[in-house]
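> The amino acid sequence is not available; the structure is as follows:
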Ligand SMILES: [Fe+2]
């Protein structure tokens, strides 16, 4: 669980840095009337940066001791971070994606995506693919998988999906807990977390 939290915080951090460095400057230059939207995103990233840093500090101490107080503090922090991320993502989808479609070229978008993926260790690439597909609608699934190289699709089908399901089951602990793995949604109370 601790490793999973760290993987997610690292990838979110890299994703935000990629947006800050590669997308916001383009939008500020090309979508001038929407500068307030971009500045709002920058502020939200600052808030998230602080929360992710707190998670990076608390996770190892909970991992080291499995102390109840650390566990409860971490669960509360995960829930709070999750709420802020949800709000931020909804804001981005509603107000930033239309600007990107209008002002960012496909090449620039690909460069951004590559930069955001740089933090994912190679051995965890298929796990992150599974996380990406976790909440996808059938249409999104088709679009996403359809854009992958055939050899990656083959690896995913041959062993990636089974490995993802195995790791997911470890994180789920019990079937009645409704974790949302991609968005750091974990219930605060009544958890017996495996460190
Ligand atoms: Fe963002």
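Ah, there it is. Since the model is a prediction, treat every value here as computed from it, not as a measurement. Residues are numbered from 1 along each chain as shown.
> Grab the longest helix from this structure for me.
Scanning the chain for the helix with the most residues, using DSSP state H, yields helix 35-65.
> quick check: angle from the next helix or strand after that one to helix 35-65?
Per DSSP states H and E, the first helix or strand lying C-terminal to helix 35-65 is helix 68-91. Calculated by axes from the mean of the first three to the mean of the last three CA atoms, to 10 degrees, helix 68-91 forms an angle of 160 degrees with helix 35-65.
> And helix 68-91, what does it pack against?
In terms of contacts (3 or more CB pairs under 8 Å, 6 or more residues apart in numbering; DSSP states H and E), helix 68-91 is packed against helix 2-18, helix 35-65. From N, CA and C alone the C-beta is placed, and that goes for glycine too.
> so for the first one, what's the average pLDDT?
It refers to helix 2-18. Regarding helix 2-18, the rounded mean pLDDT is 90.
> and it with helix 35-65, angle?
Going by the same axes, to 10 degrees, helix 2-18 makes 160 degrees with helix 35-65.
> Give me the helices and strands touching helix 2-18, please.
Against helix 2-18 (3+ CB pairs under 8 Å, 6+ apart) you get helix 35-65, helix 68-91, helix 106-117, helix 125-134.
> Residue 152 falls within a strand, correct?
No. Counting by DSSP: H, G, I helix; E, B strand; the rest coil, one finds residue 152 to be helix, located in no strand.
> Excluding residues flanking it in the chain, which one is nearest it?
In this structure, residue 152 finds its nearest non-sequential neighbour in residue 129, 7.6 Å apart by CB to CB, 6 or more residues apart in numbering.
> Would you confirm that the one you found contacts residue 153?
No. Residue 129 is not in contact with residue 153 according to CB atoms under 8 Å; the separation is 9.6 Å.
> Same drill for the two, tell me which one is more crowded.
Under the neighbour definition other CB atoms under 10 Å, residue 129 and residue 153 were set side by side, and residue 129 has more, 21 against 15.
> What residues does the more buried one make contact with?
Residue 129 is in contact with 148, 152, 156, 160, 164, counting by CB atoms under 8 Å, 6 or more residues apart in numbering.
> With residue 26 instead?
103, 104, 108.
> By neighbours, which of these wins?
Using other CB under 10 Å as the neighbour test, the contacts of residue 26 are led by residue 104, with 18 neighbours.
> Give me the distance between that residue and residue 29.
Look at residue 104 and residue 29: by CB to CB, to the nearest Å, they are 11 Å apart.
> what do you get for residue 122?
Distance of residue 122 to residue 29, computed by CB to CB: 34 Å.
> So for those two, which sits in the more crowded spot?
Using other CB under 10 Å as the criterion, residue 122 and residue 29 rank with residue 29 on top: 10 against 6.
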